[in-house]
Structure formats: structure tokens, C-alpha cells
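Asker: need coordinates for the following:
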Amino acid sequence: MSVGTKLSTDISDEELVRRFQASRDADFFGEIFRRHRKRVYLGCRSFFSDGGAAEDATQETFLRAYQNMHRFLGGNLGGWLMQIARNVCIDQWRRRRFEASSDDAPASAAPAGGALEHASDLRFAIQRIRKEMETLSAEQRTCLELKIDGYSYEETAAKTGLSVEAVKSHLQNGRRLLWLRLEGMLSQLK
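Answerer: Below you'll find the model as predicted:
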């Protein structure tokens, strides 16, 4: 692809990926980045209260995507990128937590108590939700995980071999069970 050529917005994400995989042309990946950077940044920003950390996580997400694009086998590119972003955010959070625990940082560098407590509560809630998801039936859990990753009902049906109606049913029942089990904890996070 020549440097001066603009990519058409009519090209699907899957076609962009296919062309990038075939040519490794940075213009194709640049278009993928342009289309998905805002969603990835907002996802990272919802994980970190610090905009700089979210920017770092966004850059790392697209670096990993670039390096692993050969592993993308089709489907929802946005969902795949958000899965990478989630993993990057968790990795960075763990790294920062480890660095913070090994440093003798002055007390004045610590975040405000309320913000730290809220972030800890959210992380605990996420861990609890994941643990409760493990107790759901395999179909409910799979459908919920794919929905979290951004897959549509139709894409989830194609991946699981279930009908669209069955996917909707498993999602509804799984959500209901999670809500019933976690209602008290979730109402405290406001």
C-alpha cells in the first residue's frame, strides 16, 4: 500500500486484519488502531484512575495486538482487543502493586483514603463476581464471558453452537443468578 493512499472506511475490520496478516503493512494496522483506540482507552481508563496509566495500557494493548495479530482467527476484533486490554491492565496493576509494596514510599504519596477504599472494593467485587461465575453452568458462564468480551448474540451462538434464543436464555439466567447471589455486595458499591 502506498503511503499516500487513504484506507476506505468501507473495509471491514476482518478485511483489515486479513490484509495486515498477509502484508504486515503498517497502514492496515494504523487503521485498526484509529478505529479502536478510543474504546480501548476508555476501557483502560475505567480500570485506572490515572489517565497516564490508561494511556500506557492502551499503547501496550496495541503493541501486543500488533505482535499477536497472526493469532486472531476472526470474529469480533473489538472484543479481542478489549480482552488484551483487560489482561494488560491487570498485568500493569499487579506490577504497580508489587513496586509499591517493595518501595518505601512516603505517606504523602499515597492516594486519598476514600479513592483507595473504593478501588479496593471494586477489585474485591470483580474477584467475587468471577468466583461466582465459576459456579454457573458451563453454558451460562461461556455466554457471559463472550458477552463481556463484546461478542453479539449471533457471534456467541456461532462460537458455542447454541441457538440465538438459547444464548439469550443462558445470559438472562446467568445474570439473574449472579445478581441474586451478589445483590447485597453490589448495592454497597454506589
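Asker: need the contact list for the residue nearest the centre of the chain.
Answerer: Using CA atoms, centre = their mean, the residue of the chain that lies closest to the mean C-alpha position is residue 82, 3.1 Å off. Residues in contact with residue 82 (CB atoms under 8 Å, 6 or more residues apart in numbering) are 39, 40, 43, 149, 150. Bear in mind the C-beta positions are built from the backbone N, C-alpha and C, glycine included.
Asker: biggest helix in this protein, by residue count?
Answerer: helix 77-102 (DSSP state H).
Asker: could I get the buried residue list for that helix?
Answerer: 77-86, 88-89, 92-93 (16 or more other CB atoms under 10 Å).
Asker: now do stretch 46-65
Answerer: 47-48, 53-54, 56-62, 64-65.
Asker: check stretch 24-41 too.
Answerer: Neighbour-count burial for stretch 24-41 [16+ other CB under 10 Å]: 27, 28, 29, 31, 32, 33, 35, 36, 40, 41.
Asker: what does that stretch contact?
Answerer: 1, 3, 5, 7, 11, 13, 16-17, 19-20, 54-55, 58, 61-62, 65-66, 69, 77-78, 81-82, 85.
Asker: quick one: it to chain centroid distance?
Answerer: Centroid displacement of stretch 24-41 relative to its chain, using CA atoms, centre = their mean, to the nearest Å, is 16 Å.
Asker: cool, and stretch 66-76?
Answerer: With CA atoms, centre = their mean, you get 15 Å for stretch 66-76.
Asker: so how far is the first residue of that stretch from its last?
Answerer: Separation of the first and last residues of stretch 66-76 by CA to CA, to the nearest Å is 16 Å.
Asker: ok, now stretch 70-84?
Answerer: Stretch 70-84 has an end-to-end distance of 14 Å (criterion: CA to CA).
Asker: helices along this protein, start to end?
Answerer: All helices of the chain, identified by DSSP H, fall at 13-23, 26-47, 51-68, 77-102, 113-133, 138-148, 153-160, 164-187.
Asker: including mean pLDDT, could those helices go into TSV?
Answerer: Putting the helices of the chain into TSV (pLDDT from 0 to 100) gives the following:
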stretch	mean pLDDT
helix 13-23	92
helix 26-47	91
helix 51-68	90
helix 77-102	83
helix 113-133	65
helix 138-148	88
helix 153-160	91
helix 164-187	81
